[in-house]
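Visitor: structure, please.
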Amino acid sequence: MEKIIEDREGYIGLKESHATLPADYYVDSAHYERELRAIWYKNWIYVCRTEALDGPRSFRTMEIGSQNILLVRDDENVLHAFHNTCRHRGSILCTEKHGQFPTGSIICPYHRLHILCKAN
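Guide: Below is the predicted model:
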């Protein structure tokens, strides 16, 4: 086995090169949380091509670890990403995987609050 020399900011994953991951890496919840914090929550993550949001008010939802993300193209065709939760009560804003909003705002299903499809 070849030693891995570089240690990335406290990441305590593999220290040696293996033909495959150790079996417990697939089921260990503590290891999963370490990887989320060390990799998935610290870096830019590719979620889709811009063509997947094909016009104003189009959207896609996706999960990155335990985070539910809402990607929206506004009326000026600018892409924005948000947590897919209402700031007021934490309700999921959009339950569909993709589509197009009928207006320039997202409507919270819990209390009908209108949220603009733009970052402010």
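Visitor: gap between the helix or strand containing residue 59 and the chain center?
Guide: Using DSSP states H and E, residue 59 sits in strand 58-64. Its chain's C-alpha centre and that of strand 58-64 lie 8 Å apart, by CA atoms, centre = their mean, to the nearest Å.
Visitor: residues in contact with that strand?
Guide: 40-41, 45, 47-48, 52-53, 68-73, 84, 94-101 (CB atoms under 8 Å, 6 or more residues apart in numbering). In this view, the C-beta of every residue, glycine as well, is placed from N, C-alpha and C.
Visitor: that strand pairs with which strands, and in what direction?
Guide: If you go by DSSP bridges, strand 58-64 pairs up with strand 67-73 (antiparallel), strand 98-100 (antiparallel).
Visitor: just name the most buried of these.
Guide: strand 67-73 (a mean of 19; mean count of other CB atoms under 10 Å).
Visitor: residues in contact with it?
Guide: Contact partners of strand 67-73, identified using CB under 8 Å, 6+ apart, comprise 41, 47-48, 53, 55-63, 79-85, 92-94, 101, 106, 117.
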